[in-house]
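Q: would you be able to build a 3D model of this:
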Amino acid sequence: MTSTLGYALLNLIACESQTGYDLSRTLQERISFFWQAKHSQIYPELARLESAGYITHEVVRQSDKPDKKIYTITDAGLAALRAWVVAPLKMQPARDELLVKTAAIWQADPAAAAALFRDHERQHAEQLAVYEGIRATMEEKWQGSERRRDQPWFGSYLTLMRGIGYEREYRDWCRWAAEMIEA
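A: Numbering: from 1, shown residues only. Below you'll find the model as predicted:
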């Protein structure tokens, strides 16, 4: 059984054959907003995927640098990815420390509590601005094809739009909570 990280890697390799280093960078750029993986987790996962027959690699010799491995997805890897992507999953409980604090906010100094929510409002507004920038770049680069279901970046666009909605709603909720405390 492959891990979620393994499926994330399979998807990135299905989009484009890549080195482990490239995969690490691509994970950071595209997926780290909703799924984190350390660089040290990637290579063992690639080895597991390869031993399962889901990917292969080609060694590219380099004279001025160490040789590099370029990973490519196999038919078995594509089949596993296609099956996994539509398999049902259970809702995962949210873990949000601010919500735990919110449950006890009646115990807090009102000014300090409002400041906490204003700080989170700012953080979510900043992340929203980052996502909006990525959205503008994607839409300019792909000129509408990011909305086509048959394109590799379609899923990235969908997840980005979820991130935008999440950050917008969380920012607005923090603002509302601060206003409620300040009232």
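
Q: helices along the protein, start to end?
A: Counting by DSSP state H, residue ranges of the helices within the chain are 4-15, 20-30, 39-51, 75-85, 97-103, 110-142, 154-182.

Q: of those, which shows the lowest average pLDDT?
A: Summarising mean pLDDT across these, the least confident stretch is helix 20-30, with a mean of 86.

Q: which of the helices of the chain has the highest mean neighbour count?
A: Greatest average neighbour count among these goes to helix 4-15 (a mean of 21), per mean count of other Cβ atoms under 10 Å. Quick note: C-beta positions are derived from backbone N, CA and C, even for glycine.

Q: just give me how far that one sits from the chain centre.
A: In terms of Cα atoms, centre = their mean, to the nearest Å, the gap separating the centre of helix 4-15 from the centre of its chain is 12 Å.

Q: sorry, back to before: which one of the helices of the chain lies nearest to residue 65?
A: Between residue 65 and these, the shortest gap by Cβ to Cβ is with helix 20-30, which sits at 10.8 Å.

Q: CA atoms of that closest one as PDB?
A: Extracted C-alpha coordinates of helix 20-30, given in PDB (Å, rounded to 0.1, in the frame of the first residue of the first chain):
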ATOM      1  CA  GLY A  20      14.300  13.500  -6.700                       C
ATOM      2  CA  TYR A  21      15.500  17.100  -6.200                       C
ATOM      3  CA  ASP A  22      13.000  18.400  -8.700                       C
ATOM      4  CA  LEU A  23      10.200  16.500  -7.000                       C
ATOM      5  CA  SER A  24      11.200  18.000  -3.700                       C
ATOM      6  CA  ARG A  25      11.100  21.500  -5.100                       C
ATOM      7  CA  THR A  26       7.800  20.800  -6.900                       C
ATOM      8  CA  LEU A  27       6.200  19.400  -3.800                       C
ATOM      9  CA  GLN A  28       7.300  22.600  -1.900                       C
ATOM     10  CA  GLU A  29       5.800  24.800  -4.600                       C
ATOM     11  CA  ARG A  30       2.600  23.000  -5.400                       C
END
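
Q: ok so, going back, got a markdown table for the helices of the chain, with distance to residue 69 too?
A: Written out in a markdown table, the entries for these read as follows (distance: least, Cβ to Cβ, whole Å):
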| stretch | distance to residue 69 |
| --- | --- |
| helix 4-15 | 12 |
| helix 20-30 | 7 |
| helix 39-51 | 8 |
| helix 75-85 | 15 |
| helix 97-103 | 40 |
| helix 110-142 | 28 |
| helix 154-182 | 24 |
